[in-house]
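Asks: Everything below, folded, please.
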Amino acid sequence: MLAAFAVGARLGLHRVVDVAWGLGFAAVAVATYAMSGGRHPLPALLTVVWGLRLAGHIAWRGRGHGEDPRYERMLARAPGNRNLYALRMVYLLQAALVWLVSLPVQAAAYATGRPGVPAAAGVALWLCGLLFETAGDHQLARFKADPANRGRIMDRGLWSWTRHPNYFGDFCVWWGLSLTAWTSAGAVAVSVVSPLVMSYLLIGGSGKRLLERHMADRPGYAAYRARTSGFLPRPPRRPRRSQGV
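Replies: A predicted model of the protein is given here:
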């Protein structure tokens, strides 16, 4: 995160921290696996795959764009030096979160028990989440690439089943990774913190809540919100028919 801060301060674009978010998880996974002697490689491998995909997607999505409006609004309130404020409120905070959310990977690396049924279920849930968020990101990118969709709300494919396919995918990924570490009672106690924290961030923290606040005034968003699930996927609601008098 300090390396990302150096790049962001140099470019004047602190949105690079979003790319560093995924890379940070991959770095923790690789470092922990190496330090533990390489006993349980699966959780580290799953984390690296997820982190690199996310970092690559965000880097590709943000190419040619200026500062993220979220960080622009935050930095506009900086009481002093904008870069130092970003270091405290963005980079160091996210560094702490990367370590905290990575607890399942760290617990699994040092676990003495053998993976069992929870680990198999965790891999299946992780794969479901990865495919869900990858498909959602791809569908949204294709939608935005069409000039005819400028100003319209994406309500097709997975986005017709949930307003946040990418966040739901992350939710599944981190609950799945937590399950892969459930080899002992102690590992369960440590690793369950991660998906709980990530669930809060995705639903009530900086994910869904802030994005929906930003989208609230977009034309058509109120109708989209009324017919589409806010998080867990389900078929879209049918519009109610008006009753005659």
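
Asks: what's stretch 34-46 in contact with?
Replies: 29-30, 32-33, 104-105, 108-111, 115, 119, 123, 126, 176-177, 180-181 (Cβ atoms under 8 Å, 6 or more residues apart in numbering). Using the backbone N, CA and C atoms, a C-beta is placed for each residue, glycine as well.

Asks: centroid residue for the protein?
Replies: Against the mean C-alpha coordinate of the chain, by Cα atoms, centre = their mean, the closest residue is Asp170 at 5.0 Å.

Asks: tell me which element that residue is part of?
Replies: Per DSSP states H and E: Asp170 is located in helix 165-180.

Asks: Need the CA coordinates for that helix. CSV is fine.
Replies: C-alpha atoms of helix 165-180 as CSV (Å, rounded to 0.1, in the frame of the first residue of the first chain):
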residue,chain,number,x,y,z
PRO,A,165,-23.5,-9.1,-9.0
ASN,A,166,-19.8,-8.1,-8.3
TYR,A,167,-20.4,-7.5,-4.6
PHE,A,168,-22.4,-10.7,-4.3
GLY,A,169,-19.5,-12.6,-6.0
ASP,A,170,-17.0,-11.1,-3.5
PHE,A,171,-19.3,-12.2,-0.7
CYS,A,172,-19.3,-15.8,-1.9
VAL,A,173,-15.5,-15.7,-2.5
TRP,A,174,-14.7,-14.7,1.1
TRP,A,175,-17.2,-17.0,2.7
GLY,A,176,-15.7,-19.8,0.5
LEU,A,177,-12.2,-18.9,1.5
SER,A,178,-13.2,-18.9,5.2
LEU,A,179,-14.6,-22.4,4.8
THR,A,180,-11.3,-23.7,3.3
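
Asks: Please work out the average pLDDT along it.
Replies: Average pLDDT, helix 165-180: 94.

Asks: tell me the average confidence for the next helix or strand after it?
Replies: Where DSSP H and E defines the elements, the next helix or strand beyond helix 165-180 is helix 185-191. For helix 185-191, the mean per-residue pLDDT is 83.
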